[in-house]
Structures are given as structure tokens and as C-alpha cells.
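1. requesting a structural model of the entry that follows:
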Amino acid sequence: MKKLLLLFSVFAFTFSSVNSQEQIYWTEVALEVTPGKAPLVFKLVDDFYSSIDFPENSSLTLNAIQNKSEWTSATHFLNFAGSPDGLAQLRELRSGDAYDAYVQNLEGLAKIVAMKQGQSLVRIQGENGSYSEQMWSFYVDDPGTFAQAFIELNKGFSNGNYISLGQYTGGERNETHYIYTTHSDAQSQFTFFPDNDKEQKAFAKFNSVITPISQYKGSTISTVLGTWN
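-> Numbering: from 1, shown residues only. A predicted model of the protein is given here:
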């Protein structure tokens with residue numbers, strides 16, 4: 001694991017010119033919400049997190065999972081994202097009687113089925129859509145080669161969306177990293193994949209490079225229900 005993390009660190013430094021912005025750290029809390037109780041979960045989350053002042057460089061989204069190819073009973077998830085300092089300050093605010101009441105009420109409507117942590121490594125800037133999010137998970141034997149292939153892919157393919165490559169740092173199930181993108185609307189989500197010869201060749205080259213060095217573990221598409229920051 002130490003060797004793997006070192007390779008990722010070297011990779012992130014080497015390709016820093018591709019991404020001039022600070023990397024994003026995140027924690028995902030996967031929830032299995034009782035059928036019919038999703039509106040109540042949203043209200044609980046909104047009531048508590050609208051009542052606090054979010055630290056700089058921190059945010060929260062509540063997402064509903066549309067479809068998934070990996071096994072999970074989760075129907076929704078909370079994603080805390082930002083800088084390490086911002087997330088640490090936000091964690092301190094998640095305390096006290098109001099937070100305890102929020103957690104107790106949430107436990108009556110949903111159960112936590114998984115928790116993951118991760119951080120971005122390369123961020124390709126584009127429109128940061130707030131309609132939906134998509135994530136593909138992989139186990140990778142050669143992180144440097146995979147990262148270079150990801151960068152080359154984005155030279156030949158772009159539909160204007162924000163997209164990033166990142167690594168899991170906790171809670172993963174035999175996964176090492178992920179590719180993540182956002183969509184601004186349903187049309188953007190449906191038309192994300194290559195639709196011309198140049199883009200198809202870029203994807204074919206990417207697949208030919210990563211297939212011998214990685215295993216695809218699954219993907220999820222989720223709708224953003226709310227954002228707090």
C-alpha cells in the first residue's frame with residue numbers, strides 16, 4: 001500500500017501542470033433509505049446543515065442513486081468534499097444536541113451501509129454540472145500508466161464537463177481509484193460518450209492501454225438532490 005501511495009504522489013506531482021487547482025478530498029456516507037422516506041431524509045439534512053455556517057472550502061451534497069453496476073443496497077449518499085482543513089472544521093461542527101437529534105432522527109429513516117474516502121489527483125476543468133454525477137471504479141496495477149492514459153484520453157475527448165481522476169483512501173472494496181464526472185442536465189448525461197470518429201479512437205486507445213493493467217469494478221449514476229456550502 002505504501003508503494004501504491006508513493007506512486008500516486010509522484011504521479012500527482014508530475015502532472016501538476018495539467019491541473020493547477022487544489023485537489024479535493026471527500027467522504028461518502030452511503031445510506032439505504034426506507035421506501036417512501038426520502039423527502040423526510042432531505043428535510044432532516046436541510047434543516048441541520050442549513051443551520052450551520054460551512055467552513056471555507058467545504059460542501060455537502062445529498063444524492064439519490066439512479067443506477068449502479070456494483071453491488072450495494074444504498075439508495076442515497078451524503079458526500080462531504082473540500083480541503084482537509086475545511087473538512088476538519090466541518091467535522092467539528094457536526095456535534096452537540098442539535099446534531100445528536102439529527103442523527104437519531106436520520107437513523108429512524110435510513111441506515112448507513114458503507115463509508116468511503118478519497119481524493120482527486122487530476123482535475124480536467126469544465127462545466128461543473130449540478131444535475132447528476134457519475135463515477136467508475138477500478139483496481140489498477142500500474143497507476144502511472146493509467147493516469148497518463150487518462151490525460152491522453154481527455155486530449156482527444158471532451159464534451160465540456162468537469163472530469164477527474166482520483167484515488168480511494170479508505171472504505172474501498174478492492175478498488176484503488178476512480179474516474180468521476182458531473183452533468184449539467186439529462187441530455188449531458190445521456191450524450192456523455194463518444195459520438196464522432198476522433199472521440200471513438202480516443203476511447204479505444206484508452207481502453208487498449210488500461211485493460212492489461214486494471215480491472216473495472218463498477219459504476220454509479222446519481223442525481224444531486226441538494227447542495228450545502
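2. burial of residue 133, as a residue count?
-> Around residue 133 there are 22 other residues, counting by other CB atoms under 10 Å. Glycine gets a C-beta too; all of them are placed from N, C-alpha and C.
3. in which helix or strand does the residue lying farthest from the centre of the chain reside?
-> What lies farthest from the middle of the chain is residue 97; by CA atoms, centre = their mean that is 30.1 Å. For residue 97, the host element (DSSP states H and E) is helix 96-107.
4. and what of residue 66?
-> Residue-wise, residue 66 maps onto strand 58-68 under DSSP H and E.
5. show me the strands in this protein, by range?
-> 25-33, 58-68, 76-82, 110-124, 132-140, 163-170, 177-183, 214-228 (DSSP state E).
6. now those strands in a markdown table, with mean pLDDT?
-> Below are the strands of the chain laid out as a markdown table (pLDDT from 0 to 100):
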| stretch | mean pLDDT |
| --- | --- |
| strand 25-33 | 97 |
| strand 58-68 | 94 |
| strand 76-82 | 97 |
| strand 110-124 | 94 |
| strand 132-140 | 94 |
| strand 163-170 | 94 |
| strand 177-183 | 92 |
| strand 214-228 | 94 |
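7. tabulate the ones you listed (a markdown table), appending distance to residue 151.
-> Shown next, in a markdown table, are the strands of the chain (distance: least, CB to CB, whole Å):
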| stretch | distance to residue 151 |
| --- | --- |
| strand 25-33 | 21 |
| strand 58-68 | 26 |
| strand 76-82 | 22 |
| strand 110-124 | 7 |
| strand 132-140 | 14 |
| strand 163-170 | 8 |
| strand 177-183 | 12 |
| strand 214-228 | 15 |
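8. can you give me the buried ones in stretch 104-118?
-> 106, 109-110, 114, 116-118 (16 or more other CB atoms under 10 Å).
9. ugh, wrong one, stretch 180-191
-> Neighbour-count burial for stretch 180-191 [16+ other CB under 10 Å]: 180-184, 188-189.
10. do stretch 71-82 as well
-> Result for stretch 71-82 [16+ other CB under 10 Å]: buried residues 74-82.
11. residues contacting residue 217?
-> 70, 137-139, 173-175 (CB atoms under 8 Å, 6 or more residues apart in numbering).
12. could you find the closest non-adjacent residue to it?
-> Once flanking residues are discounted, residue 217 sits nearest to residue 137: 4.2 Å by CB to CB, 6 or more residues apart in numbering.
13. surely the one you found is in contact with residue 215?
-> No. If you go by CB atoms under 8 Å, residue 137 and residue 215 don't touch, sitting 9.6 Å apart.
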